[in-house]
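> Sequence and predicted structure are below.
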Amino acid sequence: MSQVMKPKVVFVLGGPGAGKGTQCANIVKEYGFVHLSAGDLLRDERQRPGSQYGELIETHIRNGTIVPVEITCKLIEIAMKNAQTNKFLIDGFPRNKDNLEGWKREMEDKVDLLFVLFLDCNEKVCVGRCLQRGAQGSGRSDDNEETLKKRIQTFYNDSLPIVEYYRTLNMVKTMDAGKSKEEVFSDIKEIFSKI
């Protein structure tokens, strides 16, 4: 990647059901960012014929273990190189301390991290949204109450400390994601219109 035009990155973090996918789609439409989901990149790579990482990713997913962060960073880097723009939303990453350390090692010098967009939403609202999404046939096997409780606990234990780390660097923009999606996007526009 050219050092002259480093990709500009916004991390989008929030618990399950906080509206990350919804708001990323709005930002893409309004501001021309490319939305990169670490999970989607891994799933796509696993399916790609002849992938050098596919089998390894499949093994980790089958065993319920985390794919090595170097692979996730490499897939993010490739997606950035293949994009027609240099503005990226990275959704749901870094999820934990290992992701953060790997990002710092592999990517920090190659990009310009603008800020972390933190969609802050209380647990009751998040669970309600995910259960509603599941009832409407989201096709997501993790949109059930038992799994959601685990995902929310994982968010509190692993991802919230990442938000707090960036908060110490004064790099977090917190949105009240408990509002309607239109109200949340209105708040987000105030931030993105200044970029």
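Perfect, I can see it now.

> so where's this structure uncertain?
1-4, 64, 138-143 (pLDDT under 70).

> for it, what spans make up the helices?
20-31, 38-47, 54-63, 69-81, 97-106, 123-135, 145-154, 160-168, 181-192 (DSSP state H).

> Kindly reformat the ones you listed as CSV containing distance to residue 113 and mean neighbour count.
To be clear about C-beta, it is placed using only N, CA and C from the backbone, and glycine gets the same treatment. What follows is the helices of the chain, written out as CSV (distance: least, C-beta to C-beta, whole Å; neighbours: other C-beta atoms under 10 Å):
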stretch, distance to residue 113, mean neighbour count
helix 20-31, 16, 17
helix 38-47, 15, 17
helix 54-63, 25, 14
helix 69-81, 12, 18
helix 97-106, 9, 16
helix 123-135, 25, 16
helix 145-154, 23, 14
helix 160-168, 9, 15
helix 181-192, 15, 15
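
> Same list (these) but as a markdown table, adding distance to residue 8.
Listed next are these as a markdown table, based on distance: least, C-beta to C-beta, whole Å:
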| stretch | distance to residue 8 |
| --- | --- |
| helix 20-31 | 11 |
| helix 38-47 | 18 |
| helix 54-63 | 27 |
| helix 69-81 | 10 |
| helix 97-106 | 15 |
| helix 123-135 | 28 |
| helix 145-154 | 29 |
| helix 160-168 | 16 |
| helix 181-192 | 11 |
